[in-house]
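Participant: Attaching a predicted model along with its sequence, questions to come.
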Amino acid sequence: MRDKLNEIKDRALLQIAGAEGLEALNEVRNTILGKKGELTAILKGMKDVSPEDRPKVGKWVNETREAIESCLSTQLKKLESEALKARYSAEKIDVTMPAKMQPKGRLNPVTLVRNQLIDIFGSMGFEVYEGTEIETDYYNFTALNTPDDHPARDMQDTFYLSPEFLLRTQTSAGQVHAMEAGKPPIKIISPGKVFRSDDDATHSPMFSQMEGLVVDKGITLCDLKGMLDKFCKEIFGQEVKTRLRPSYFPFTEPSVEVDVSCFQCGGSGCKLCKGTGWIEVLGAGVVNTKVLEGCGIDTNEYSGFAFGIGMERIAMLKYGINNIKLLFESDLRVLDQLEE
Ligand code: DAH
């Protein structure tokens, strides 16, 4: 028996030492110590050993098992540490590699301008009043002193949806809603999309305007001039000057066009200002009494001023963009060049 046990042990130790992986090692363990293993069979046969030999044989069997188990556990540790080392080297991370760049989105220049305008006018006490993109002919034209046969209708190539409904051509339509919705004092800005059948390098069928309207007691053209002067300095730089030129809009009387001194050349004349030293930025005026009266406002008590700003135009001027289409493409190569 002793020889048999020694033979099993020697063979087992040899197999264990030769096992090249965890699976092979497990296989060796099963063939010797598993349910149907060789040593297990001997242990099971202990009942047939004579009682006087049993302690002696039991001791040999146990010694054999312990020797095999200790060898198994040493080999297991060795194989596990080898496997871990192999994993470490296979999964090695090179922390000096350059990081993968995630392309970063940016706000569109028109959104930047819109946010800036809301900040500037908000700080002057203006509230935001959102109008609607689909309007009736009445709010877009008639209530703004532009009746059916008025020649000023030709200035705006309108997309009609039906004889009554249209895509608003100007945020001015919101003025009338604001005056109908609340009593003076009114001090609102109304940013939003407008639509005209017009398409070239500086015009697009869809663009954005921001309307402004103030109605209160004693409002004059002077208030408009002072407020616009402050606005232009905020948006184009403290050094710019403003000037008003007479113009015509049916809903304002008098009407003006507002120019700023060229912020690129300082007024001496350059490509941006077409050599004139001035850049046209918006239309404005004193609200026509006909418009106020149409909204039920007593013109003996109240007066107002209004202005309309083309936001793409401001964005193009500010960021030196020469084609309006670039503003709608959201091309990161363009957006990445803009300084916020
Ligand atoms: N609605 C005008 C346009 O689209 C812009 C404008 C001019 C708005 C004068 C005004 C204003 O409120 O007073 O051309």
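Facilitator: Structure's in. What do you need? Numbering: from 1, shown residues only.
Participant: where in this protein is pLDDT low?
Facilitator: For the chain, the stretches with pLDDT under 70 are 339-340.
Participant: Now do the strands in the stretch 1-150 of the chain.
Facilitator: All strands of the stretch 1-150 of the chain, identified by DSSP state E, counting those that start in this stretch, fall at 127-128, 134-136.
Participant: so which residue of the stretch 151-300 of the chain comes closest to the ligand?
Facilitator: Nearest to the ligand, among the residues of the stretch 151-300 of the chain, is residue 283, at 2.9 Å (CB to the nearest ligand atom). All C-beta atoms are positioned from the backbone trio N, CA, C, and that covers glycine.
Participant: just the stretch 1-150 of the chain next, same as before
Facilitator: Scanning the stretch 1-150 of the chain for the residue nearest the ligand gives residue 144, at 8.1 Å (criterion: CB to the nearest ligand atom).
Participant: Highest mean neighbour count out of the strands of the stretch 1-150 of the chain?
Facilitator: Between the strands of the stretch 1-150 of the chain, strand 134-136 has the highest mean count of neighbours, a mean of 17, where neighbours are mean count of other CB atoms under 10 Å.
Participant: What is that strand packed up against?
Facilitator: With contacts defined as 3 or more CB pairs under 8 Å, 6 or more residues apart in numbering; DSSP states H and E, the secondary structure elements packing on strand 134-136 are strand 165-167.
Participant: Need the residues that contact the strand it packs on.
Facilitator: Contacts with strand 165-167, where a contact means CB atoms under 8 Å, 6 or more residues apart in numbering, come from 133, 134, 135, 136, 137, 140, 158, 159, 160, 161, 194, 195.
Participant: Let's see that with 7 Å instead.
Facilitator: With CB atoms under 7 Å, 6 or more residues apart in numbering as the contact definition, strand 165-167 has outside contacts at 133, 134, 135, 136, 137, 140, 158, 159, 160, 161, 195.
Participant: how near is residue 319 to the ligand?
Facilitator: Using CB to the nearest ligand atom, to the nearest Å, one gets 22 Å for the distance from residue 319 to the ligand.
Participant: how about the strands of the stretch 1-150 of the chain in CSV, adding distance to the ligand?
Facilitator: What follows is the strands of the stretch 1-150 of the chain, written out as CSV (distance: least, CB to the nearest ligand atom, whole Å):
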stretch, distance to the ligand
strand 127-128, 16
strand 134-136, 13
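Participant: how about those in CSV, adding distance to residue 151?
Facilitator: As requested, the strands of the stretch 1-150 of the chain are arranged in CSV below (distance: least, CB to CB, whole Å):
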stretch, distance to residue 151
strand 127-128, 33
strand 134-136, 20
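Participant: Tally up the residues packed near the residue nearest to residue 216 when sequence neighbours are not counted, please.
Facilitator: Spatial nearest neighbour of residue 216, chain neighbours left out: residue 185 (4.2 Å); criterion: CB to CB, 6 or more residues apart in numbering. Under the neighbour criterion other CB atoms under 10 Å, residue 185 is assigned a count of 13.
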